[in-house]
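> predicted model and sequence follow; I will ask about them next.
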Amino acid sequence: FALFVVLVGFLFKGLFSDPRERDSALINKPVPEFNLPDLMDESLLHTNASLTQAPVLVNVWGTWCPTCIAELGYLTELREQGVRIIGLYYEQAYDPDFGDQFDINALRNEVQTMLERAGNPYQFNILDLDRTLALDLGVSGAPETFLVDANGKILLHHTGDINPRVWRAKFAPVMQELSQ
């Protein structure tokens, strides 16, 4: 009977939970160490220091992701309002086990065309082909966005697109608190 009660309680709790909300183990912890190239210029390397000095949104995205493309316009508006946004490009088609079938120049052209068409909110894009940073962040797909403070500490994690409703409810209060 006790097992039945526990099972019913577990299922009842799941009935009212939001499947899009999941707690991140990294909240209030520093961004994991990384040293990754810029998507458009592999001679430029980005590290944790790239995420300091001011609050920043780290937006995980890809051109293959329709929701990511849909949010580019609103993210561009946020950048125009002074919000610092950095892209973490998540490439689904790359698999290091298949060698040189991946064409980085084709990817760069695709990204450039997409950002010209839909809006470019990013100061720069980090290329994470092997998904080391994405895995360290616990990314399960795209889009996902992390709010990182000026000291490199993760304050928020959001799975799904950033739109006016999500911005007002989740990010704006924390950004306002950071600016005080």
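Nice, thanks for sending it over.

> C-alpha from now on. contacts and neighbour counts both.
Fine.

> doesn't residue 154 fall inside a strand?
Yes: Residue 154 forms part of a strand when assessed by DSSP: H, G, I helix; E, B strand; the rest coil.

> could you find the closest non-adjacent residue to it?
The shortest distance from residue 154 to any non-neighbouring residue, by C-alpha to C-alpha, 6 or more residues apart in numbering, is to residue 148 (4.4 Å).

> I'd like the distance from stretch 53-68 to the chain centre, please.
In terms of C-alpha atoms, centre = their mean, to the nearest Å, the centre of stretch 53-68 is found 4 Å from the chain centre.

> can you read off the pLDDT for the residue nearest to residue 84 when sequence neighbours are not counted?
Take residue 84 and drop its neighbours on the chain: the residue closest to it by C-alpha to C-alpha, 6+ apart is residue 56, 4.9 Å away. pLDDT for residue 56: 97.

> what's the answer for residue 12, then?
For residue 12, pLDDT reads 66.

> mind listing the helices for this protein?
2-15, 66-80, 104-118, 132-137, 164-166, 172-179 (DSSP state H).

> isn't residue 154 right up against residue 26?
Yes: shown here, residue 154 and residue 26 form a contact pair, counting by C-alpha atoms under 8 Å, at 6.6 Å.

> comparing the two, which residue is more hemmed in?
residue 154 (24 against 18; other C-alpha atoms under 10 Å).

> ok, back up a step: how about the residue nearest to residue 84, what does it touch?
For residue 56, the contacting residues are 83-86, 147-150, by C-alpha atoms under 8 Å, 6 or more residues apart in numbering.
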